[in-house]
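Undergrad: Here is the input, now give the coordinates:
(chains A and B)
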Amino acid sequence: MGEILVTVDNLHKSFGQNKVLKGVDLKVAQGSVTVLIGPSGSGKTTLLRSLNSLTRPEAGIVGIGSVTVDFGKNPSKSEIRELRAQSGMVFQAHHLFPHRTVIENIVEGPLYVQKEPQAQARERALKLLEQVGLVDKADDYPSSLSGGQQQRVGIARALAMRPKLMLFDEPTSALDPETVGDVLVVIRDLAKAGWTMVIVTHEIRFAEQVADHVAFLDSGVIVEEGSPKQVLTDPREPRTREFLRRVLDPLAAEGVQGDQRLDVPTWAKFDHLSDPQTPYPRETVISGEGI
Amino acid sequence: MDDRTWDLIVKAFWPLFVQGVSWTIPLTLASFAVGLVLALLAAVGKLSHVKVFQLAASGYIAIFRGTPLLVQLFIIFYGFPTIGLKIDAIPSAILGFSLNVGAYAAESIRASILAVPTGQLEAAATIGMDYPLALRRVVLPQALRIAVPPLSNTFISLVKDTSLASGIMVAEMFRKAQEIAAPAYAFFWIYVEVALIYLLFCSVLTFGQGKLERHLNRYITA
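TA: Numbering: from 1, shown residues only, chains lettered A, B, ... in the order given. From the prediction side, this is the model:
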């Protein structure tokens, strides 16, 4: 591992009685891509959001570059803002400002937070739009763009703040399948350009291609981490193996084999009911709970 | 209706209309402008995490929504001088109306702010905005679009409520109508006439509201 940009030390977070992060440690090397995977509720999104304090952990330390925040010591607003300034965030649901055009979305932070001169901010915004392939949409409102285009504007908006680190929270989960590729290509290009990134995603194949480091979370802890080759193709931990099996081949994970997949409904199989390791009991699948 | 009454109605129109344009409308606009500022402060105060602001805002809203506007005007204009605070009729009216409007509009504005998705505030935070800047640049412009229909309601009510200022010696349109009607004993026709002029004003405002809504909705695709 090269020079370390991000250090996470013993992070704890609860929502009410529900402990979502139970002492997470993570290191991210400068210029590397770290992908966080795990079942829903595993804490991967909470971990990502803790890196810029959108979710405020109760205890633990987050360090990005020269900025370190100890959440156990009641950090001040200005400390939090300084931590936030280190990273750019891309949301699952993009959260573009609907009342501003594409280019206005991108120059908003540079103009009103960083007080950059208007002409310069605009020029940079146009370059970023070129980078994400949307120069011709500069003066359109976000509502007139496709989901994939909106997400690429979201990426440009985050890049415009010149962060040291880019955070992606399931950037393709809310997209139509045919626009996922455009977004992934932009993220891959950023990886090639040497951006340090932390990405929460369910796109395992994509993770294989762009990640330098993969961390698998379950129940608030990092269960296994390492190179994508090791974690994704030869996982050591049974929980990682089970998760990947479910994500990569959902039917097989339900115990449906070969020809049976075509004619046996998954809910007709009862062989998992007695297995306490199954994270999603049969009943919840049938009742549709959590879908 | 005899010719004399008709004559009176025709002759009364212009003075009434002028009184409306030169008193009722400015009184409404001034009170609404001040009221909106109060409403914004009260709405943000009620949403604040600071207990004192919450209490002050809730108390203000409760008092001015929970007591009659006419009584509020009487307290300001007739009551205050007896405890040593004399305020002229017009400032009294503007003060009373704006406090009252502010209390109603505060709840509309608060609801509109709450209607803006929290993701917007999060996005603002990730590009380095603090709360006041995020409110000004991100939340309020979107809340405004949502607030226009309920605020228009308050505004149109205010146009008509200014007639209550006749009770504290403000020479607005309804007071003028009373002055014209009384000597001729033409209460029915003159009051109907003045009612129609209020209706005319409100219709124009409703038309304006539609235009404003279309303008604010320009970034929403159907």
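Undergrad: Skip the chain neighbours and tell me the closest residue to A:Phe91.
TA: Nearest residue to A:Phe91 in three dimensions, chain neighbours excluded: A:Asp169, at 5.6 Å (Cβ to Cβ, 6 or more residues apart in numbering or on different chains). All C-beta atoms are positioned from the backbone trio N, CA, C, and that covers glycine.
Undergrad: got a list of what B:Leu133 touches?
TA: If a contact means Cβ atoms under 8 Å, 6 or more residues apart in numbering or on different chains, then B:Leu133 has A:112-113, B:124 as its contacts.
Undergrad: can we see that at 7 Å?
TA: B:Leu133 sits next to A:Tyr112 when contact means Cβ atoms under 7 Å, 6 or more residues apart in numbering or on different chains.
Undergrad: try A:His95
TA: B:119-120, B:122-123.
Undergrad: B:Ile87: what secondary structure?
TA: With DSSP: H, G, I helix; E, B strand; the rest coil as the basis, B:Ile87 sits in coil.
Undergrad: What separation do you get for the residue in chain A that chain B sits nearest to and A:Leu54?
TA: Of all residues in chain A, A:Gly109 sits closest to chain B, at 3.3 Å by Cβ to the nearest Cβ. Counting by Cβ to Cβ, to the nearest Å, the gap from A:Gly109 to A:Leu54 is 15 Å.
Undergrad: Next, the buried residues of whichever helix in chain B runs longest.
TA: In chain B, with assignment by DSSP state H, the single longest helix is helix B:187-216. Of all the residues in helix B:187-216, those buried under the rule 16 or more other Cβ atoms under 10 Å in any protein chain shown are B:189-190, B:193-194, B:197-198, B:201, B:205, B:209, B:212, B:216.
Undergrad: now do stretch A:190-209
TA: Neighbour-count burial for stretch A:190-209 [16+ other Cβ under 10 Å]: A:190-191, A:195-201, A:203-204, A:206-207.
Undergrad: And stretch A:209-227, by the same measure?
TA: Buried-residue list, stretch A:209-227, by 16+ other Cβ under 10 Å: A:210-220, A:222-225.
Undergrad: Mark which of the residues you listed are part of strands, please.
TA: A:213-218, A:222-225 (DSSP state E).
Undergrad: The residues you listed into a markdown table, with extra columns for distance to chain B and pLDDT?
TA: As requested, these are arranged in a markdown table below (distance: Cβ to the nearest Cβ, whole Å; pLDDT from 0 to 100):
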| residue | distance to chain B | pLDDT |
| --- | --- | --- |
| A:His213 | 23 | 95 |
| A:Val214 | 24 | 96 |
| A:Ala215 | 22 | 96 |
| A:Phe216 | 26 | 95 |
| A:Leu217 | 21 | 95 |
| A:Asp218 | 26 | 94 |
| A:Ile222 | 24 | 95 |
| A:Val223 | 28 | 94 |
| A:Glu224 | 29 | 95 |
| A:Glu225 | 25 | 95 |
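Undergrad: Using PDB, write out every CA atom in the host helix or strand of A:Ile187.
TA: In this structure, A:Ile187 sits in helix A:177-192 according to DSSP states H and E. Presented in PDB, the C-alpha positions along helix A:177-192 are these (Å, rounded to 0.1, in the frame of the first residue of the first chain):
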ATOM      1  CA  PRO A 177     -30.000  -0.700 -16.700                       C
ATOM      2  CA  GLU A 178     -29.100   0.800 -20.000                       C
ATOM      3  CA  THR A 179     -27.700   4.000 -18.400                       C
ATOM      4  CA  VAL A 180     -25.500   2.200 -15.800                       C
ATOM      5  CA  GLY A 181     -22.700   1.800 -18.300                       C
ATOM      6  CA  ASP A 182     -22.200   5.500 -19.000                       C
ATOM      7  CA  VAL A 183     -21.800   6.200 -15.300                       C
ATOM      8  CA  LEU A 184     -19.500   3.300 -14.700                       C
ATOM      9  CA  VAL A 185     -17.300   4.500 -17.600                       C
ATOM     10  CA  VAL A 186     -17.000   7.900 -16.000                       C
ATOM     11  CA  ILE A 187     -16.000   6.400 -12.600                       C
ATOM     12  CA  ARG A 188     -13.500   4.100 -14.300                       C
ATOM     13  CA  ASP A 189     -11.900   7.000 -16.100                       C
ATOM     14  CA  LEU A 190     -11.600   8.800 -12.800                       C
ATOM     15  CA  ALA A 191      -9.800   5.700 -11.400                       C
ATOM     16  CA  LYS A 192      -7.500   5.700 -14.300                       C
END
